[in-house]
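Asks: Return atomic coordinates for the entry below.
(one chain, ligands or ions: 2)
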Amino acid sequence: MDVTLLGTGNPLPDLNRGGPATLVRAGTTVILIDAGRGVMQKIMGAGVFPPFLTTVFVTHLHSDHISDLNDVITTHWVMNPQPAELTIYGPPRLKGIVEAILVMLEPDIEYRLAHHEDLNWQPKIKVIEVEPDDTFLVGETSVRVAASDHKPVHPSVAFRIDHDGKSVVIGGDGIPCAGLDQLCLGATAYVQTVIREDLVKLIPNQRFRDILDYHSSVEQAAETATRGNVKKLILTHYVPAMQPGQEDEWRALAAAHFSGEIFLGDDLLTVTV
Ligand SMILES: [Zn+2]
Ligand SMILES: [Zn+2]
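Replies: Residues are numbered from 1 along each chain as shown. Ligands and ions are numbered 1, 2, ... in the order given. Alright, predicted model coming up:
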């Protein structure tokens with residue numbers, strides 16, 4: 001199973017980092033988790049032809065995680081040689097968001113249907129709203145859902161994807177909590193969005209410092225990984241954006257609390273699990 005960090009950025013626009021998005025490839029199954037800024041550019045960069053994408057998971061409805069969901073829908077539809085369904089799993093209220101996206105896309109859909117004789121179907125989107133403890137199958141994988149804690153963003157969810165004896169947990173945003181701990185138990189890899197508490201604290205802007213109370217710090221992510229006896233900790237969604245040459249500093253903060261392998265880096269970093 002391969003995990004690719006498609007976008008390692010945060011809500012602030014960054015020339016070098018796309019918005020939050022992660023790709024899991026397990027056998028022939030391809031799952032996109034979250035659809036931040038620039039996700040379709042990155043997915044092409046990771047070598048996935050958009051029509052082959054059939055499944056999207058959404059961890060929560062913060063704009064940085066869904067800002068390009070419309071582009072996922074359009075690109076999947078317009079590049080597909082035949083009618084194909086795109087299934088999107090996520091927390092309650094996702095249905096309303098996807099319906100609203102489809103309303104936003106109405107003129108575009110109308111223009112393309114009028115223009116291309118061979119394109120005679122609407123985007124086929126199936127939305128499945130999930131709850132903690134839900135389990136389901138996607139292709140060759142089995143998936144389990146847990147509650148994450150990103151309040152006041154609520155509900156928010158984390159996913160565990162199991163395939164061929166290996167497992168990946170996608171924590172999404174949030175602070176350590178029982179649901180996440182349970183999901184991580186014995187997982188092969190754990191992907192967590194993180195902030196540098198030591199740096200964020202120094203920024204003289206309260207709106208920025210507000211993020212401290214609902215995001216895992218690097219140290220907290222490492223502690224969650226240790227409690228779960230996880231083998232590989234994969235960090236992403238760096239706040240503030242990780243600068244060239246800072247990687248060792250970030251890694252050291254995690255390594256003080258976790259003795260397994262630690263991965264962090266730039267967009268398109270791929271970890272084989
Ligand atoms: Zn986020
Ligand atoms: Zn968030």
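Asks: which strands and helices sit next to the worst-scoring helix or strand of the chain on mean pLDDT?
Replies: Lowest on mean pLDDT, DSSP states H and E among the helices and strands of the chain sits helix 206-209, with a mean of 89. Packed against helix 206-209, as judged by 3 or more C-beta pairs under 8 Å, 6 or more residues apart in numbering; DSSP states H and E, are no other helices or strands. Where you see a C-beta, it was placed from the backbone N, CA and C, and this is true even at glycine.
Asks: got the buried residues for stretch 61-73?
Replies: The neighbour-count check on stretch 61-73 (16 or more other C-beta atoms under 10 Å) flags 61-62, 64-73 as buried.
Asks: Name the residue of the stretch 151-273 of the chain that lies nearest to ligand 1.
Replies: As assessed by C-beta to the ion, ligand 1 sits closest to Asp173 within the stretch 151-273 of the chain, at 4.5 Å.
Asks: Contacts only, for that residue.
Replies: If a contact means C-beta atoms under 8 Å, 6 or more residues apart in numbering, then Asp173 has 59-60, 62, 65, 148, 150, 153, 156, 193, 214-215, 237 as its contacts.
Asks: again, only this time at 6 Å
Replies: Applying C-beta atoms under 6 Å, 6 or more residues apart in numbering to Asp173 gives the contacts 150, 193, 215.
Asks: Are we agreed that it is in a strand?
Replies: No: looking at Asp173 with DSSP: H, G, I helix; E, B strand; the rest coil, it is coil, so not inside a strand.
Asks: next structured bit after the least confident helix or strand of the chain?
Replies: For helix 206-209, the following helix or strand on the C-terminal side (DSSP states H and E) is helix 218-227.
Asks: For whichever helix or strand comes after that following helix, what does the pLDDT average out to?
Replies: Per DSSP H and E, the first helix or strand lying C-terminal to helix 218-227 is strand 232-239. Throughout strand 232-239, pLDDT has a mean value of 97.
Asks: Export strand 232-239 to PDB, keeping only CA atoms.
Replies: Provided in PDB are the C-alpha atoms of strand 232-239 (Å, rounded to 0.1, in the frame of the first residue of the first chain):
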ATOM      1  CA  LYS A 232       5.300   4.800  10.600                       C
ATOM      2  CA  LEU A 233       4.200   8.300  11.400                       C
ATOM      3  CA  ILE A 234       3.600  10.500   8.400                       C
ATOM      4  CA  LEU A 235       3.200  14.200   9.100                       C
ATOM      5  CA  THR A 236       1.500  16.700   6.800                       C
ATOM      6  CA  HIS A 237      -0.500  20.000   6.600                       C
ATOM      7  CA  TYR A 238       2.400  21.900   8.200                       C
ATOM      8  CA  VAL A 239       1.600  25.000  10.200                       C
END
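Asks: The buried residues of stretch 61-73 in helices, which ones?
Replies: 64-66, 69-73 (DSSP state H).
Asks: Quick check: residues of this protein near ligand 2?
Replies: Proximity of the chain to ligand 2, by C-beta under 5 Å from the ion, involves residues 62, 173.
Asks: if we can go back for a sec, of all the buried residues of stretch 61-73, which comes closest to ligand 2?
Replies: Nearest to ligand 2 among the buried residues of stretch 61-73: His62, at 3.5 Å, using C-beta to the ion.
Asks: Next up, the contacts around that closest one.
Replies: Residues near His62 by C-beta under 6 Å, 6+ apart: Val153.
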